[in-house]
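> model this:
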Amino acid sequence: MGLGRVAIASIFIAITILLALTKSCHSAKILLVVQHYHSHAQVVAAVGDELHARGHAVTMVAAQAVQSLSSKEFKVRYYQTPVRDQDLADCTAQSLKNQDPLLSACNRLFRDDILAFTNGKELLDELKRENFDGLICDVASYACLIVAEYINIKVQVDVSPIGLLDPLTTSPYHIPGPPAYVPQMAVIATNKMNLYQRTQNVIFYGIMITLLRTFMFSNMYRSANITNLGFNSPPSFELRRSTFLIANGDFAVDYPRPITPATKVVGPLLPKPAQTLPDDLQQFASANKNGTIVVSFGSVMIGLKYVTDLEIFFQAFGQLPYNVIWKFSDKITHHIPDNLKVVQWLPQNDLLGHHNVKALVTHCGLNSVLEAAYHGVPMIGIPIAADGMNHAQKIIARNIGVILDIKTMTSNDLSNAIINVVTDKFIAENATKISAFIKNRPNGRTPAQEAGDWVEFALGSEGGNYLRTEEYNLRWYELYLIDVYAVLIIICYLFIKLMKLVWKGIANVCCRRKEKVKKS
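Below you'll find the model as predicted:
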């Protein structure tokens, strides 16, 4: 018996060692790069967590401001930048104060960040010596494109924390966006557009990428210190080295649309089954038999007071028969009703998964919308800036909530909207149905696991370049069939000329016959 146990133990140890060796043989060194937005960093880090769990050596580079990554098990490197969290909050507030939903006041910070990143080569040189096998970029990170150019990593996969947003995250990857039913980012409409909206969408479809080049991309290009890096020209946001685009999103919420073979909509990367809440939140969320409302405005909270009177919110929440938990990061100068709990931070995913939470009041950031949809929680959308306007339309399209105008709403509007959403059975049923769609994973894989699968697929197939459509290789006049139209115009012109000659010939013959008849 003793020898048998020893033999079994020896076999077990041998198998364990063999598996470890096999795992190490297939492990890769993978670099992730993000900049200063926490929400973007968390989405990309979710892919990093999955790859790390599979035994890959993961290193993530982020701006100093993104300290939320400090608890990660993989290696995190921070680059020096003058841009701080408070700077981003201030520029967001200034943009909202100026009624600028595109947050143009933040452009200077983006330039300062890129200049700081490219002024020093020490970090880039250290990363180059690591000989990474793969690079994962936040689609919005210009710093990652600089890393890709400087280090020349063979396999690059991009992750879009903001989903498929036309044309910002679709044009560089040649993803079709038929303007008849895919709204551009500046058009406030669902995929069911009327004639006016379709006309507006076609116009923006033609000019939006030009506007982005003029006001966004050119700022990034000018800010990069390409001389210090030895580049002849700055990397192009549109001419990307990456093959795959992994999109954070789900067609249960987003509009169905055509995509390319190299575009993978893997599902919501941050939502997950709810964990136990801290005692104070658990007690407060469970205390009211009517239910609890969660309120969160994400990074735009700091500028909310410039767009509306905050007293509207306090009055509205005080009128509700529900408890309210509000993530409020600003200084409180208002009376707090007994049914309102104000917190600096909240575990939003876990709260939305609580059985007594009935609705989410949100600025319509994509991650918030996806978390609420995942947990089947109806929404009261109050879009304020940037892509929130577009995501708000998806709430309407899927009938999982209502939308309010931040500039015109009153406290009664807000309280009535919350009560209507909580008590509307149609909205509740739709929210439950959308949640079931999101959780119905035919392959049995979580979104993070599926993203990890595609990263490993790219590593094992030389980047998967064979999946690129021919659109990448066409000249602009070939892509838009300008040469074909020119040929068709020439053919039509020649055909018309020929018909004129034939008609002229027939006319001459007829005239000659008439003359002969007259003479006879």
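> the bottom helix or strand of this structure by mean pLDDT?
Across the helices and strands of the chain, mean pLDDT, DSSP states H and E gives its lowest value to helix 2-26, namely a mean of 46.
> from the chain's centroid, how far away is the helix or strand that comes right after that helix?
Next along the chain after helix 2-26, taking DSSP states H and E as the criterion, comes strand 29-33. Relative to the centre of its chain, strand 29-33 is centred 19 Å away, using C-alpha atoms, centre = their mean, to the nearest Å.
> buried sites along the following helix or strand past strand 29-33?
The C-terminal neighbour of strand 29-33 among helices and strands, as given by DSSP H and E, is helix 38-53. Buried residues in helix 38-53, counted by 16 or more other C-beta atoms under 10 Å: 38-52. Every residue, glycine included, has its C-beta placed from N, CA and C.
> ok, which stretches of the stretch 201-350 of the chain are helices?
Using DSSP state H, counting those that start in this stretch, the helices of the stretch 201-350 of the chain run over 218-223, 226-229, 279-287, 311-318, 348-352.
> spatially central residue in the protein, please.
For the chain, the residue nearest the mean C-alpha position is residue 162 (1.0 Å; C-alpha atoms, centre = their mean).
> for that one, give me phi and psi.
phi -100, psi 20 (degrees, to the nearest 10).
> circling back: ok, the buried residues of helix 38-53 vs residue 345, which is closest?
Using C-beta to C-beta, residue 38 comes nearest to residue 345 of the buried residues of helix 38-53, at 11.5 Å.
> if I look at the closest one, how far off is residue 207?
32 Å (C-beta to C-beta, to the nearest Å).
> what do you get for residue 400?
Counting by C-beta to C-beta, the gap from residue 400 to residue 207 is 32 Å.
> these two - which one has more neighbours?
residue 400 (29 against 13; other C-beta atoms under 10 Å).
> isn't the more buried one up against residue 427?
Yes - counting by C-beta atoms under 8 Å, residue 400 does reach residue 427; the two are 6.3 Å apart.
> so what sits against both of these two?
residue 378 (C-beta atoms under 8 Å, 6 or more residues apart in numbering).
> run through the chain and note the low-pLDDT ranges.
For the chain, residues meeting the criterion pLDDT under 70 lie at 1-25, 101-102, 513-520.
> and it, what are its domains?
28-271+446-473, 279-439, 484-520 (automatic domain parsing).
> end to end, how far does the first one reach?
Meaning domain 28-271+446-473. Taking C-alpha to C-alpha, to the nearest Å, domain 28-271+446-473 runs 30 Å from one end to the other.
> then the second one?
End-to-end span of domain 279-439 (C-alpha to C-alpha): 28 Å.
> re earlier: for the residue nearest to the centre of the chain, what are its contacts?
Applying C-beta under 8 Å, 6+ apart, one finds that residue 162 lies in contact with 40, 139, 140, 168, 169, 248, 366, 387.
> and with 7 Å instead?
By C-beta atoms under 7 Å, 6 or more residues apart in numbering, the contact set of residue 162 is 169, 366, 387.
> so how many other residues sit close to residue 348?
The burial count for residue 348: 22, using other C-beta under 10 Å.
> try residue 433
Count around residue 433 with other C-beta under 10 Å applied: 15.
> which strand or helix spans it?
Using DSSP H and E, residue 433 falls in helix 425-439.
> which other helices and strands contact that helix?
With contacts taken as 3 or more C-beta pairs under 7 Å, 6 or more residues apart in numbering; DSSP states H and E, helix 425-439 sits against helix 366-374.
> contacts made by the very next helix or strand once past the helix it packs on with the rest, please.
The element immediately downstream of helix 366-374 (helix or strand, assigned by DSSP H and E) is strand 379-381. Residues external to strand 379-381 that are found in contact with it (C-beta under 7 Å, 6+ apart): 359-362, 364, 369, 372, 392, 395, 400-404, 417-418, 421.
> restricted to buried residues, select the contacts of residue 162 in ChimeraX.
Listed next is the ChimeraX selection for buried residues among the contacts of residue 162, using 16+ other C-beta under 10 Å:
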select :169,366,387
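> cheers, nothing more for now.
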